[in-house]
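S.K.: generate a structure from the sequence data that follows.
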Amino acid sequence: MWLWYVSSNNLTGMSLSRYVFKTCCVCIIIQVQYESEALAAHQNLESDKLQLFDTVRAELEEKIRRLEEDRHNIDINSGKLYNH
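M.R.: Down below sits the predicted model:
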């Protein structure tokens, strides 16, 4: 992957094995950062989904409450409550 760099540059003061080791370390760091970002994105998505679900549920419960209240008020106003 990074060996093209070796052939195009002089490795004065650094052995090839040291260069390969550093390159592997960089690759590992990049992989760990990628996995961390992927995990954070997944957790953020799940959190947003739960928050949206809770919001929709609260709005539906509020609408149901208002509809039941309106139905109760209609029953009282139409006199159905007092008819036996």
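
S.K.: check which helix or strand C27 maps to.
M.R.: helix 16-78 (DSSP states H and E).

S.K.: where's that helix relative to the chain centroid, distance-wise?
M.R.: 5 Å (CA atoms, centre = their mean, to the nearest Å).

S.K.: so for it, mean pLDDT?
M.R.: Averaging pLDDT along helix 16-78 yields 94.

S.K.: who are the packing partners of it?
M.R.: Judged by 3 or more CB pairs under 8 Å, 6 or more residues apart in numbering; DSSP states H and E, helix 16-78 has no packing partners among the helices and strands. C-beta coordinates here come from the backbone N, C-alpha and C atoms, glycine included.

S.K.: let's see it at 10 Å
M.R.: For helix 16-78, the packing partners by 3 or more CB pairs under 10 Å, 6 or more residues apart in numbering; DSSP states H and E come out as helix 3-8.

S.K.: for L50, see how far away K63 is.
M.R.: 21 Å (CB to CB, to the nearest Å).

S.K.: before we move on, what about R57?
M.R.: 10 Å.

S.K.: go on, E68?
M.R.: 27 Å.

S.K.: next one: E62
M.R.: Look at E62 and L50: by CB to CB, they are 19 Å apart.

S.K.: now do F21
M.R.: Going from F21 to L50 by CB to CB gives 43 Å.

S.K.: now swap in L60 and tell me
M.R.: Distance from L60 to L50, counting by CB to CB: 16 Å.

S.K.: same check on D75?
M.R.: From D75 across to L50, the span is 37 Å (CB to CB).

S.K.: contact partners for F21?
M.R.: S15 (CB atoms under 10 Å, 6 or more residues apart in numbering).

S.K.: 8 Å instead, please
M.R.: Counting by CB atoms under 8 Å, 6 or more residues apart in numbering, F21 makes contact with nothing.

S.K.: what distance do you get for it to Q33?
M.R.: For F21, the distance to Q33 - CB to CB - is 19 Å.

S.K.: what do you get for L60?
M.R.: In this structure, L60 and Q33 are 41 Å apart, going by CB to CB.
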